[in-house]
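*Asks:* A structural model of the following input is requested.
(2 chains)
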Amino acid sequence: MTPAIAFLLAMTFLISIGGIFLMVWGLANDQWGDGLEASKVIFAEGELGRGEDPAETGVQRQGLQEEVEKGTLDIDKEELAERRVLDRSGRRPVLWWLASSIAWLLLGSVFGVVASLKLHMPDWLIGDAVLTFGRVRPAHLNVVAYGWASMAGVGVGIWLVPRLFKTPLIGGRFATVGAVLWNIGMFSGTVAVLAGLSEGLEWLEFPWQADVFLVLGGALAAVPLLMTVVRRRVHHLYVSAWYLIGALVWFPMLLITAKLPLFIGTEQAIMNWWFAHNVLGLWMTPLGLAAAYYFIAKITGTPIYSYTLSLIGFWALALFYSQVGVHHLIGGPVPTWLTTLSIVTSVMMVIPVVAVAINHHMTVLPKWRLVLTSPTLRFVVAGAMMYTFASIQGSIEALRAVNAVTHFTHYTVAHAHMGVYGFFSFVLFGSIYFILPRLVSWEWPHIWAIELHFWLVFIGFGIYFWPLSIGGWLQGTAMLDAARPFMESVLLTMPYLKARSLGGSLMTLGHIVFASHFILVLMRMGPVSEIPPKLMQGFVKDKPPGPASETPS
Amino acid sequence: MTRALGIIAGTALILLYATMLLLIMPAIQLRTGENPPEALAPYTEMQARGREHYISLGCVYCHSQQPRDPGLAPDMLRGWGRPSVPSDYSYDTVHLMGTMRTGPDLFNIGARQPSVDWHLTHLYAPRSVSPGSNMPGYPFLFDVIDFVPDDAVAVNLPPEYRVRGGTVIARQEALELVDYLIGLDHTYPADELPDALEEELDEAEADKLSATKLDSLDNILDGVSQ
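*Replies:* Down below sits the predicted model:
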């Protein structure tokens, strides 16, 4: 115990000193002062103040072009033309990652609904081991976490690369092969879990043979990022680039360490939660924030609120989030200093979260009306708000007194969905609405389908989250009261579990709408309206009163 | 920031630092595998196979195996046993501590419910012995046959759960799983726990009768095992 404390104290001292030197170096080398320049790097010359349309249409592209030629807008024409080339330079790999992710989303949603129904209909589908709750549930988790969220995140990330570096994607083929390998890993891993060949650790159920494909696929996806960053035509790395680089450095380190056969018993439990929480914190969160930082700034046509805050947000996230995992073992058989360390860093997460929240929300605030017209912005802003909520909730949940109630209950499940679904998936939906038309030069045919998708998943998720949180809390308080029999904590959750099934089904319906719409665009089907659809008004020159054109720079 | 290499190095170093704090330091301190408690026997071959079924069927998604400290939760009062300590997991190379208590903690289920009969009935038809439970049945771990051979283990079922025209017998997997479950007994004293807790534990033992009365689940368990 004493050496552990001595070591912690010594490390705290050394890191503080190191941090001060780093800050001094940063100030001396003007690493802090280039804020505005660095945050403007994603805009074309003269583009600032003009929002980029959410889902580009032919009409509107033409409108923008005419406007530029007439001279009402002073945008660099060449750069706009070049952007079309950039947007399509990653077409093949991005389509592979995104289309695969949506297929996994549908499968994962079905697993989720089945698992949810089973909790209040325990006699349903019990004839075969393949469909027992204990296999469908991990299948759901792995398919949505590594199939949907990770693949969509990587797809969005790859598409952002040429935009961020103003250079066509180099080495896209590697990422295409990566997507194929990743899919092989996903498929074999999912089959293994359903067949009962799970490795038994939560978030690490896939046998190592399947994870080899994920590591290789992920590494190949990182190749174009690295090849393009070396030949980039911008000086500054935009905020999103930091998060993308961080995510692609962290994920292989995490997965490889976790799969090394070094950990036994209690140490393995510690490793398990170190890994599982880092998948959320150092893989999904940075991918989601990379997208949110880009699209919020780009659609509102405003540089992010504060460059310095984004620096603090990024490095504080790296430092604190990497240490929060052991709060999953509060009260468990692990050294107290270890859980305390994780509780402290969990609370410290408030710093990067507030930094990011201020940056996101203050950038949107002056142009908040755009969420009414831009489908991308609506999803991304909803996602960013739920990021703030989920993170603050997570910090509170790590406190011992709160954790005593919420641990081992459905409350934690609801919280996990607030992070991975409310935040990350919403941001991904929004990003895909922005990306796909630019990728295949075909607009989303049905605005009502986008609206329907949004409201189904938004309302569905509300019905999922709130009852499950309340039910989980009641379950926790019942379990803490020794005078109440354990069975009471089971029975009282039933109505809430049913509500969760309803919410989950609505979300799944939304996914079906989304996937069908996605396929329509890929097949170039559906009515392509000449009149800009309602959601896209305000971005088009014929309808100038849009807020985007109020502040020409 | 303008240097990609700086970001790569910085992010990798921070994660290495966190890994050292969270993984390497506790491993140095705990050395779980080196000093297993004397009272804890390694799994027998049959128990080990049962444990494989426990993992394969995903029991861990509803059952924890880590009774908590009385300061945090009344796990001891529920008869779930003393708080677990690192050395209890010396032979648990796939740890099964769990994160969910849709069902009760199972770290000492063998001490609490040593009846093979009860476990088989419970696995085949959970609600026949535990009304209100939302655990799924596992009929695929059982066979329904007309003629029961001498070496087969028949499952005791209340009349309304019986299968017409046949007898439900346990398959090898079910017997192995139950063997693992009734072997889950970590009620031996733990050196790592403070003495005060040991006293509390003794009191809890003394109160066991009244504690089980509070817990309808345990009442049901008792009823069935008699």
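*Asks:* what score does the most centrally placed residue in chain B have for pLDDT?
*Replies:* The residue lying closest to the centre of chain B (Cα atoms, centre = their mean) is B:Leu106, at 2.9 Å. Note on B:Leu106: pLDDT of 97.
*Asks:* that one looks like it's in a strand, true?
*Replies:* No - under DSSP: H, G, I helix; E, B strand; the rest coil, B:Leu106 sits outside any strand and is assigned coil.
*Asks:* with adjacent residues omitted, what lies nearest to A:Tyr496?
*Replies:* Of all residues not flanking A:Tyr496 in the chain, A:Gly471 sits nearest, at 2.6 Å (Cβ to Cβ, 6 or more residues apart in numbering or on different chains). The way it works is simple: take the backbone N, C-alpha and C, and place the C-beta from them, glycine included.
*Asks:* surely the one you found and A:Leu492 touch.
*Replies:* Yes - if you go by Cβ atoms under 8 Å, A:Gly471 and A:Leu492 touch, sitting 7.4 Å apart.
*Asks:* so for those two, which sits in the more crowded spot?
*Replies:* Neighbour totals were compared for A:Gly471 and A:Leu492, and A:Gly471 leads with 24 against 15 (other Cβ atoms under 10 Å in any protein chain shown).
*Asks:* ok, and for whichever strand or helix holds that one, which residues are buried?
*Replies:* Assigned by DSSP states H and E, A:Gly471 falls within helix A:447-480. Under the neighbour-count criterion of 16 or more other Cβ atoms under 10 Å in any protein chain shown, helix A:447-480 has A:447, A:449-450, A:452-454, A:456-458, A:460-461, A:463-465, A:467-479 buried.
*Asks:* ok, how many other residues are close to A:Ile42?
*Replies:* A:Ile42 has 25 neighbours, counted by other Cβ under 10 Å.
*Asks:* do A:Ser516 as well
*Replies:* The burial count for A:Ser516: 12, using other Cβ under 10 Å.
*Asks:* can you give me phi and psi for it?
*Replies:* Phi and psi for A:Ser516, reported as degrees, to the nearest 10, are phi -60, psi -40.
*Asks:* for it, give me its contacts.
*Replies:* A:Ser516 makes contacts with A:Ala449, as judged by Cβ atoms under 8 Å, 6 or more residues apart in numbering or on different chains.
*Asks:* swap in A:Leu131?
*Replies:* Per Cβ under 8 Å, 6+ apart, neighbours of A:Leu131: A:114, A:125.
*Asks:* now it: how far from A:Gly325?
*Replies:* A:Leu131 sits 31 Å away from A:Gly325, going by Cβ to Cβ, to the nearest Å.
*Asks:* in the stretch 451-553 of chain A, where is pLDDT below threshold?
*Replies:* Residues of the stretch 451-553 of chain A meeting the criterion pLDDT under 70: A:526-553.
*Asks:* from it, which residue is nearest to chain B?
*Replies:* Going by Cβ to the nearest Cβ, chain B is nearest to A:Ala482 of the stretch 451-553 of chain A, at 3.6 Å.
*Asks:* around the residue in the stretch 51-200 of chain A positioned nearest to chain B, how many other residues sit close by?
*Replies:* In the stretch 51-200 of chain A, the residue that lies nearest chain B is A:Gly134 (2.1 Å; Cβ to the nearest Cβ). Close neighbours of A:Gly134, defined as other Cβ under 10 Å, add up to 24.
*Asks:* these two touch, right, A:Ser109 and A:Thr508?
*Replies:* Yes - counting by Cβ under 8 Å, A:Ser109 touches A:Thr508, with 4.1 Å between them.
*Asks:* the more surrounded of the two?
*Replies:* Neighbour tally, A:Ser109 and A:Thr508, criterion other Cβ under 10 Å: the higher count belongs to A:Ser109, 23 against 20.
*Asks:* who's in contact with that one?
*Replies:* A:144, A:504, A:507-508, A:511.
*Asks:* let's see it at 10 Å
*Replies:* Residues near A:Ser109 by Cβ atoms under 10 Å, 6 or more residues apart in numbering or on different chains: A:140, A:143-144, A:148, A:504-505, A:507-512, A:515.
*Asks:* just A:Lys166 next, same as before
*Replies:* Applying Cβ under 10 Å, 6+ apart to A:Lys166 gives the contacts A:41-42, A:44, A:79, A:82-83, A:86, A:228, A:232-234.
*Asks:* and it, how far is that from A:Pro122?
*Replies:* A:Lys166 is 56 Å from A:Pro122, where distance means Cβ to Cβ.
*Asks:* just checking, what packs against the helix holding A:Gly471?
*Replies:* The helices and strands touching helix A:447-480, judged by 3 or more Cβ pairs under 10 Å, 6 or more residues apart in numbering or on different chains; DSSP states H and E, are helix A:91-120, helix A:375-397, helix A:400-406, helix A:410-417, helix A:426-440, helix A:486-491, helix A:494-522.
*Asks:* deepest of the ones you listed, which one?
*Replies:* helix A:426-440 (a mean of 25; mean count of other Cβ atoms under 10 Å in any protein chain shown).
*Asks:* how far off centre is it?
*Replies:* The chain centre lies 13 Å from the centre of helix A:426-440; the measure is Cα atoms, centre = their mean, to the nearest Å.
*Asks:* what's the angle between it and helix A:91-120?
*Replies:* Taking axes from the mean of the first three to the mean of the last three Cα atoms, to 10 degrees, one finds helix A:426-440 and helix A:91-120 inclined to each other by 150 degrees.
*Asks:* pLDDT of helix A:426-440, averaged?
*Replies:* Per-region confidence: helix A:426-440 scores 93 on mean pLDDT.
*Asks:* over to stretch B:112-130?
*Replies:* The model assigns stretch B:112-130 a mean pLDDT of 96.
*Asks:* how about A:Lys476, nearest residue that isn't a chain neighbour?
*Replies:* If you look again at residue A:476, you'll see it is Gly, not Lys. Using Cβ to Cβ, 6+ apart, the nearest residue to A:Gly476 is A:Val405, at 3.8 Å.
*Asks:* could you pull out the strands for chain B?
*Replies:* With DSSP state E as the criterion, chain B has strands at B:142-145, B:167-170.
*Asks:* need the winner for burial among those.
*Replies:* Highest mean neighbour count among the strands of chain B (mean count of other Cβ under 10 Å): strand B:167-170, with a mean of 20.
*Asks:* got a list of what B:Gln47 touches?
*Replies:* The neighbours of B:Gln47, taking Cβ under 10 Å, 6+ apart as the test, are B:41, B:54, B:91, B:110, B:176-177, B:179-184.
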